[in-house]
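K.L.:
no sequence on this one, just coordinates:
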């Protein structure tokens, strides 16, 4: 009877040892998983930072494009104003030439 108790005790101790090894393995797996989760979390944060940086750069480029478009529009308006002034000057020059020709014609006839 005592021998049977000793055998059962040894079996129980072996079972406890086995369960402790399993528990240790499980704890190691949990630590590896936690480390992997932390790494993934850092990766996600780094990715979010890159997205934010790209968004800021894109917004800056958009402002540059808008400012460039405003400058081009202003230059187009300035060129249009100058073109109208040139057209008006051409008209005035043509009127003066015609007036000069009329005077010359009148003088030639007089």
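P.N.:
On my side now, so go ahead. What you are looking at is a predicted structure, and each value in this text was computed from that prediction instead of being measured. Numbering: from 1, shown residues only.

K.L.:
give the buried residues for stretch 4-22.
P.N.:
Within stretch 4-22, no residue is scored as buried using 16 or more other CB atoms under 10 Å. Every residue, glycine included, has its C-beta placed from N, CA and C.

K.L.:
state the mean pLDDT of the host helix or strand of residue 48.
P.N.:
Per DSSP states H and E, residue 48 falls inside helix 2-109. Averaging pLDDT along helix 2-109 yields 96.

K.L.:
let's number from 103 now, not from 1
P.N.:
Sure, I'll start numbering at 103, so the last one becomes helix 104-211.

K.L.:
now that helix, how far from the chain's geometric center?
P.N.:
0 Å (CA atoms, centre = their mean, to the nearest Å).

K.L.:
by contact count, what packs against that helix?
P.N.:
Judged by 3 or more CB pairs under 8 Å, 6 or more residues apart in numbering; DSSP states H and E, helix 104-211 is in contact with no other helix or strand.

K.L.:
distance-wise, check residue 188 relative to residue 179.
P.N.:
With the distance defined as CB to CB, to the nearest Å, residue 188 ends up 15 Å from residue 179.
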